[in-house]
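Undergrad: Below is the sequence, then the predicted model.
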Amino acid sequence: MPKSLIDLNAGDPDAEAPRCVIDAISEAIGRGGDWTHYGGADIPQKFREAVAEYYKGFGPDYKPENIVPTAGSSAALYIALATVLEKGDEILLWEPSYSGHYSLLRSMGIKMTVAPLKEETGFHPELETLEEHLTARTKAVLICNPNNPTGTVFTEAELRGIGEMAKDHDLAVLSDEIYLHFVYDDNRFTSTASLDGLEERTINIMSFSKTFSMTGYRLGYVIAPEQYIERARVIAGITAARPATFVYAGGIAALRSGIPYVEERRREYDIRRKYFCKAVDKIEGLSCSPFEGAFYAWFCIRSLGISSVDFCDWLLRRENVSVRPGKNFGINIDDYIRVPLIQPVPVLKEAVTRIKDFVKSL
């Protein structure tokens, strides 16, 4: 009998959105009127007010006018990039990092200069070598914090160092913070824009997808300071990347009433993190350290002598477990596998058993 598929490929949480979100959207649809038509300016403004109130908890005191609602974080990422970059410009980012960063930058004709996040430094940036990656055409730096796929939570000192470099070279700072609530052990999330002199040059890229398990709702936003906000609005208008009107109701409810739900999810991901990373690390030929943030395990297959793409292809064919090759997350990365912990522990235990059997068969 064929083994059932264990899908650990995309980072789509195994929980539904909080009840307050579902109820708010259902009520909005039932009410109709502005909630199910174009809706005018009042509903998006209420959403912006909720975002400003929520993000103030991380330090910066933004006005609602600094917020551009989007249909998910991919739209937010495009708006942020297009606000500060043009074809032929260069951007500094790290590898490994979110695969969507690379594909979008390539499609826009933006040249990437990549600084490595090395295992020997715990996948943290080496500040002393950062400026070596800058050129006269570098216009921005892109941070993913906590990082997908390594789980790196950038320290305040690291962000300050990056910020000083940005100020010295007049760079925009694009900060992808969609996993900011999922931080473990003694690690602490720091908002880049909360640091001295960085709010005025930082554009935040945010999403409800992972935080509130709302991947299918397509809701995100950009937070841009005064020097960038007008251009960000223009680009958002051109791309028409606006959320469905009634989804705003869910976003407002999530930000004002859904944080206890988020903490429940964080605790559950922590349980999975502690189990899976330790179990995989015990498999001969693999190594896996507990990650600091987000919800992805990132394990090393270097000693097996095969590519990450072959590992994933063969694991799927032989054991029916779907995971993502590290090659997707960096230009020079091919020794790692990414596993989103979006299944409960019993499923993860079965996945570990199959991975162990597969590695033994090599």
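TA: Perfect, thanks for sending it. Residues are numbered from 1 along each chain as shown.
Undergrad: which element follows the helix ranked longest in the chain toward the C-terminus?
TA: Ranked by residue count and defined by DSSP state H, the top helix of the chain is helix 259-281. Next along the chain after helix 259-281, taking DSSP states H and E as the criterion, comes strand 296-300.
Undergrad: What is that following strand packed up against?
TA: Counting contacts by 3 or more Cβ pairs under 8 Å, 6 or more residues apart in numbering; DSSP states H and E, strand 296-300 is packed against helix 259-281, strand 336-340. From N, CA and C alone the C-beta is placed, and that goes for glycine too.
Undergrad: right, so these: which one is the most enclosed?
TA: Highest mean neighbour count among the helices and strands packed on strand 296-300 (mean count of other Cβ atoms under 10 Å): strand 336-340, with a mean of 25.
Undergrad: Tell me what angle that one forms with strand 296-300.
TA: Relative orientation of strand 336-340 versus strand 296-300 (axes from the mean of the first three to the mean of the last three Cα atoms, to 10 degrees): 160 degrees.
Undergrad: Tell me which of the helices and strands packed on strand 296-300 lies nearest to Glu319.
TA: Of all the helices and strands packed on strand 296-300, it is strand 336-340 that lies closest to Glu319, at 13.2 Å by Cβ to Cβ.
Undergrad: wait, which of the helices and strands packed on strand 296-300 is closest to Pro243?
TA: Closest among the helices and strands packed on strand 296-300, once you apply Cβ to Cβ, is helix 259-281, at 19.6 Å.
Undergrad: contacting residues around the closest one?
TA: 13, 15, 18, 20, 181-184, 211-213, 286-291, 295, 297, 299, 339, 341, 343-345, 348-349, 352, 355 (Cβ atoms under 8 Å, 6 or more residues apart in numbering).
Undergrad: Could you check the angle that helix makes with strand 336-340?
TA: Here helix 259-281 runs at an angle of 140 degrees relative to strand 336-340 (the same axes, to 10 degrees).
Undergrad: Number the residues from 201 up from this point.
TA: Sounds good: first residue 201 from here, last item helix 459-481.
Undergrad: mean confidence for helix 459-481?
TA: The pLDDT scores in helix 459-481 average 98.
Undergrad: And stretch 232-247, by the same measure?
TA: Stretch 232-247 comes out with an average pLDDT of 93.
Undergrad: Would you pull up how far that stretch lies from the middle of the chain?
TA: On the basis of Cα atoms, centre = their mean, to the nearest Å, stretch 232-247 sits 28 Å off its chain's mean C-alpha point.
Undergrad: One more: stretch 277-286?
TA: The answer for stretch 277-286 is 17 Å, by Cα atoms, centre = their mean.
Undergrad: buried residues in that stretch?
TA: 277-285 (16 or more other Cβ atoms under 10 Å).
Undergrad: ok, residues contacting that stretch?
TA: Outside stretch 277-286, the residues that touch it by Cβ under 8 Å, 6+ apart are 268, 270, 291, 300-301, 304-305, 308, 310, 339-340, 372, 374, 376, 403, 405, 422, 424, 428, 431-432, 435-436, 439, 441.
Undergrad: Which members of those come out as buried by neighbour count?
TA: Buried, going by 16+ other Cβ under 10 Å: 268, 270, 291, 300-301, 304-305, 310, 339-340, 372, 374, 376, 403, 405, 422, 424, 428, 432, 435-436, 441, out of these.
Undergrad: Out of the residues you listed, list just those in strands.
TA: Using DSSP state E, 268, 270, 291, 339-340, 372, 374, 376, 403, 405, 422 are the members of the buried ones among the contacts of stretch 277-286 that sit in strands.
Undergrad: Of these, which pair is most distant in space?
TA: Maximum distance among these (Cβ to Cβ): 21.6 Å, for Thr270 and Lys339.
Undergrad: all helices of the protein, in order?
TA: Ranges of helices within the chain are 219-231, 242-255, 273-284, 299-308, 356-368, 426-439, 447-457, 459-481, 508-519, 545-561, based on DSSP H.
Undergrad: Kindly export the shortest one (C-alpha atoms) in PDB.
TA: Just to be clear, that refers to helix 299-308. Listed next in PDB are the C-alpha coordinates belonging to helix 299-308 (Å, rounded to 0.1, in the frame of the first residue of the first chain):
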ATOM      1  CA  SER A 299      13.200  32.400  -2.400                       C
ATOM      2  CA  GLY A 300      10.500  35.000  -3.400                       C
ATOM      3  CA  HIS A 301      13.100  37.800  -2.800                       C
ATOM      4  CA  TYR A 302      15.400  36.400  -5.500                       C
ATOM      5  CA  SER A 303      12.700  35.600  -8.100                       C
ATOM      6  CA  LEU A 304      11.100  39.000  -7.800                       C
ATOM      7  CA  LEU A 305      14.400  40.900  -7.900                       C
ATOM      8  CA  ARG A 306      15.400  39.000 -11.100                       C
ATOM      9  CA  SER A 307      12.200  39.800 -12.800                       C
ATOM     10  CA  MET A 308      12.600  43.500 -12.000                       C
END
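Undergrad: just checking, what packs against that helix?
TA: helix 273-284, strand 311-316.
Undergrad: can you tell which of those is closest to Glu332?
TA: For the helices and strands packed on helix 299-308, the distance to Glu332 is smallest for strand 311-316, at 8.3 Å, taking Cβ to Cβ.
Undergrad: Now do that closest one: everything it contacts.
TA: With contacts defined as Cβ under 8 Å, 6+ apart, strand 311-316 is touched by 288-295, 302, 305-306, 325-326, 329-330, 333-335, 337-338, 530-532.
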